[in-house]
Every structure is written in structure tokens, then in C-alpha cells.
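Student: Fold the following, please.
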Amino acid sequence: MTTVQILPAPMPRWWQSLVVRRFLTHRLALLGLLMISIVILLCAFGPYFLPYDMLQVDLRARFAPPLTGQHYLGTDPLGRDIAARLLMAGRISLLVGFFAMLLATILGTLIGVVAGYSGRTVNAVMMRLVDGFLSFPTIFLLLALAVALKPSPIMITVIIALTGWMEVARIVEAEVRSLKEREYVLAGRMLGLSHSHIMFREILPNCVGPIIVAATLTVARAILLEAYISFLGFGIQPPLPSWGNMLNGAQQYLGSAPWMAIIPGAAITIAVSSFNFIGDGLRDALDVRNDSF
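Tutor: Modelled structure (predicted):
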């Protein structure tokens, strides 16, 4: 006997075109996309075109200001090229941000789907667990984990993910609760489809929009958190550079060599602002109630 599946209707092409058109008319989102694309390209390929390595020490060129010789962004107290260190630090900070976002999104989505689809008791227990994690001050929890564990890039990524999945879980849980009584879900139950099939094959694809928006904003948050704990000395450790520990090393030279703090600070600002702009644009573009475009 052949089993017939009733699946949700695919997203119409006109709606896909509308989402793209809305996003392309969002000026801040396009600005953010342009800026973060430039940052990623510079961090990925820029170090290969620089004359200095990030660890190359030149004591004769200590505290050289920007545009001195081939030190385009100046040097640090050891004479190391700031441009080389900035771009290599960008690789680490961006990778930590992306992978922390990926882990947090997967964990938050899994918990949100199960909590939203389950009965009232299971939902209440799981969401109180989420509320419990949210009740801890994120910074203190992050610093406590960073102190207790070895501060390697992989461990910092895991720590940031473990403190950033709760918002994603709440968003997904609310979306799943609004979808689980739709006709195609009820039809799937009548056909005898398993709960896991309904959750992850029928409901989850219809939550992709909010998840993408949440993931974009989570990247910005992860980059900022990595910079924060590295600035305090509990994150990425020298000589491996990150934007946060570059700020940490520059704080005592603010008066004599302010460019050492301004340059990595500007990089963090550009990266975080870009992802926030993109997230705002995606949220507006995917909002079916938004007809302002």
C-alpha cells in the first residue's frame, strides 16, 4: 500500500523575488553586505600581499605611525606590522564568530523545535531551562567558562556558542508553536508520519527565515563577545592575534600611539555593524506584513 504525503506548498517564486527586491532596496543592508565582503576578502587574501609577517619583529621600527614606509597601518611596541596582525586577527575573530553562530544556531534550533512541537509539560520544562540560562549575566558566565577552560580558539568558540543559543531557541519555539496547528501538519499526523519527520521535514523548513535573521545577529554578537573576553585577557592568547587582544595590548599606549587601539577598534565596529545591518535588512525583507518597500 502506497503512503501519500501531504507536504506544505513550496514558497512561490513571486514571494522569493519580493524578498530579494526588498533586501536590495534596504540601503543599510546593502552597505553592511558591501563592508563585510570587503573585510572578509582583505582578511582572506590581504596577508599574502603584505611585505611583513604578523610575527616579524623589527625593534628599529617600534611605534611607527601609519603610512610609515611599508608599514601601512604602523607598528606595535615590538615593531610588528599592525596591518599584517590586523588581517590575521580578522581571520581568527571572524572564524570564531561564524562557527560560534553555527553551533549556537544548531543547538538553539534543535531545542526550539522540540520545545515548540512538544506538549505543554515538556514545553514548559524546556523553556524554563532556557529562561534559567538567560537569567545568568552573559558576560559573567562567559568569563567564568573562559577562566575554567583552556582559552584556545576552538574552546572560545564553544564557550560563546554555549552562552548564545538561548535567543535562537526562543525565536524558533515561538515560530514552531504557531505552525504546528497548520493544515499540512495535521494532515501529516493523520497519515501517520513520525513526530521527527513532521518537526524536521515539514515545520522546520518554514522557520528558515527567522533562523537566518537570528543567525546573522548572532555572528555580530559572537565577534563582540570574543573581542570582549580577549580584551580582558581571558580569550585568544598572544602571540596569536585577535582584534580583542590587539586592543588589550594597545590600552597602555593610548596617549603615545593611539592608532594601535583605533585600528582594531574600527575593525570590530565595521564587522559588528555590518552584520547588524544585514540582519535588519533580512528581517524587513522576510516580514510578510512589511509593505513599506
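
Student: Residues in contact with stretch 87-104: which ones?
Tutor: 39-40, 42-44, 46-47, 50, 54, 153, 156-158, 160-162, 164-165, 168, 215, 218-220, 222-223, 225-227, 236, 240-246, 264, 267-268, 271 (Cβ atoms under 8 Å, 6 or more residues apart in numbering). Using the backbone N, CA and C atoms, a C-beta is placed for each residue, glycine as well.

Student: filter those to the buried ones?
Tutor: Neighbour counting by 16 or more other Cβ atoms under 10 Å classes 39-40, 42-43, 46-47, 50, 54, 153, 156-158, 160-162, 164-165, 168, 215, 218-220, 222-223, 225-227, 236, 241-246, 264, 267-268, 271 among the contacts of stretch 87-104 as buried.

Student: does residue 219 really touch residue 275, like I thought?
Tutor: Yes: with contact taken as Cβ atoms under 8 Å, residue 219 and residue 275 are classed as touching, separated by 4.9 Å.

Student: Nearest the middle, which residue of this protein would you pick?
Tutor: residue 219 (1.0 Å; Cα atoms, centre = their mean).

Student: Next up, the contacts around that one.
Tutor: 97, 98, 100, 101, 275.

Student: Taking these together, which two end up most distant?
Tutor: Maximum pairwise distance in the contacts of residue 219, criterion Cβ to Cβ, is 12.4 Å, between 100 and 275.

Student: quick one on the thing from earlier: could I get the contacts of residue 219 as a markdown table with neighbour count, pLDDT and secondary structure?
Tutor: Listed next are these as a markdown table, based on neighbours: other Cβ atoms under 10 Å; pLDDT from 0 to 100; DSSP: H, G, I helix; E, B strand; the rest coil:
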| residue | neighbour count | pLDDT | secondary structure |
| --- | --- | --- | --- |
| 97 | 25 | 92 | helix |
| 98 | 17 | 94 | helix |
| 100 | 27 | 93 | helix |
| 101 | 26 | 93 | helix |
| 275 | 26 | 94 | helix |
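
Student: Distance to residue 31 added to the residues you listed, as JSON lines?
Tutor: Shown next, in JSON lines, are the contacts of residue 219 (distance: Cβ to Cβ, whole Å):
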{"residue": "97", "distance to residue 31": "19"}
{"residue": "98", "distance to residue 31": "20"}
{"residue": "100", "distance to residue 31": "24"}
{"residue": "101", "distance to residue 31": "21"}
{"residue": "275", "distance to residue 31": "12"}
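
Student: Is the residue nearest to the centre of the chain located within a helix, as I assumed?
Tutor: Yes: the assignment for residue 219 by DSSP: H, G, I helix; E, B strand; the rest coil puts it in a helix.

Student: what does the model give it for pLDDT?
Tutor: The model reports residue 219 with a pLDDT of 93.

Student: and it, how far is that from residue 240?
Tutor: With distances taken as Cβ to Cβ, to the nearest Å, residue 219 is found 21 Å from residue 240.

Student: now swap in residue 257 and tell me
Tutor: Distance from residue 257 to residue 240, by Cβ to Cβ: 21 Å.

Student: likewise residue 247?
Tutor: Counting by Cβ to Cβ, the gap from residue 247 to residue 240 is 15 Å.

Student: And for residue 67?
Tutor: 27 Å.

Student: now swap in residue 170 and tell me
Tutor: Residue 170 sits 34 Å away from residue 240, going by Cβ to Cβ.

Student: tell me the phi and psi of residue 194?
Tutor: phi -70, psi 160 (degrees, to the nearest 10).

Student: State the distance from it to residue 106.
Tutor: 21 Å.

Student: who's more crowded, these two?
Tutor: Neighbour count, other Cβ atoms under 10 Å: between residue 194 and residue 106, residue 106 has more, with 14 against 11.

Student: and that one, what element?
Tutor: Residue 106 is part of helix 82-117, with elements assigned from DSSP states H and E.

Student: C-terminal to that helix, what's the next element?
Tutor: Per DSSP H and E, the helix or strand that comes after helix 82-117 is helix 120-135.
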